[in-house]
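Colleague: Curious how this folds, go ahead:
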Amino acid sequence: MSESDKHDGTDKLVDAYEQMLKRTHERIEQAQQESAPRFRDLLGKVRDHMVELGELSREEANKVSDYIERDIKDAAQYIAETGDDLRDWWRFDLELMEQRMLDMFARVADQTSLNLAQWAESARLMSLYQAGEITGPGTLVCDRCGAETHLVKTGRIPACADCGGTLFRRRAPEKGGAG
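Modeller: Numbers count the residues shown, from 1 in each chain. Purely as a prediction, here's the structure:
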């Protein structure tokens, strides 16, 4: 990552992921008072607004919104298939992650549950995570060697520490608890 990709010592796109998720949540709350929210449309509006404000380039905004949509779809698919709690999808105890991020993500996931069911099928096509992309907290499994990478907060996905692989899947929790 070049110095131009950093902002005050932090990754610009990681900050943008959290900001876009937060702003999407704020827009969903506003939209609920008027009509049933549509997550994809709202995310697109937030993305476009961040571009208009010059906070992100069009390419950066598209990447970040794709990352958020992928994570929401992945969470929706997990919840639809297992009926388990969103905390199980995260695969971390609440103490290990930033409470505000879990709260924000959970609110967006809860508020968009109708749309999430429709996205479950398309989530299968977008289930691979790639090194360099940004994702929220969780455990990713290397598609090449099966090694686990644990992310305790939003950040860029590193290459596999064991084999250098660059493709991952989010680890499904074992039945019976959130390990």
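Colleague: how about low-confidence regions in this protein?
Modeller: 1-10, 28-38, 79-80, 83-104, 107, 109-126, 173-179 (pLDDT under 70).
Colleague: Who are the packing partners of the longest helix along the chain?
Modeller: Criterion DSSP state H: the longest helix present in the chain is helix 58-82. On a contact count with 3 or more C-beta pairs under 8 Å, 6 or more residues apart in numbering; DSSP states H and E, helix 58-82 meets helix 12-34, helix 39-52, helix 86-90, helix 99-111, helix 113-123, strand 134-135. (Glycine included, C-beta is placed from N, CA and C.)
Colleague: List the contacts of the last one.
Modeller: Applying C-beta atoms under 8 Å, 6 or more residues apart in numbering, the external contacts of strand 134-135 come out as 11, 13-14, 17, 63-64, 67, 70-71, 129, 151, 154-157.
Colleague: Tell me the first helix or strand C-terminal of it.
Modeller: Once the chain leaves strand 134-135, the next helix or strand it forms, by DSSP states H and E, is strand 138-142.
Colleague: List the neighbouring strands of that following strand plus their orientation.
Modeller: Here strand 138-142 has these sheet partners by DSSP bridges: strand 148-151 (antiparallel), strand 167-170 (antiparallel).
Colleague: mind checking which of those strands is nearest Ala106?
Modeller: strand 167-170 (16.3 Å; C-beta to C-beta).
Colleague: check contacts around Ser57.
Modeller: Val51 are the contacts of Ser57 under C-beta under 8 Å, 6+ apart.
Colleague: quick one: it and Ala16, what's the gap?
Modeller: Separation of Ser57 from Ala16 (C-beta to C-beta, to the nearest Å): 11 Å.
Colleague: Equivalent analysis for His49, please.
Modeller: Here His49 is placed at a distance of 12 Å from Ala16 (C-beta to C-beta).
Colleague: What residue, apart from its backbone neighbours, is nearest Leu128 spatially?
Modeller: Nearest residue to Leu128, sequence neighbours excluded (C-beta to C-beta, 6 or more residues apart in numbering): Leu167, at 5.3 Å.
Colleague: count of neighbours near Asp74?
Modeller: By the criterion of other C-beta atoms under 10 Å, Asp74 has 23 neighbours.
Colleague: now Cys145
Modeller: 12.
Colleague: And Arg169, by the same measure?
Modeller: By other C-beta under 10 Å, the residues close to Arg169 number 15.
Colleague: Surely it is in contact with Gly146?
Modeller: No. Using C-beta atoms under 8 Å, Arg169 makes no contact with Gly146, being 10.0 Å away.
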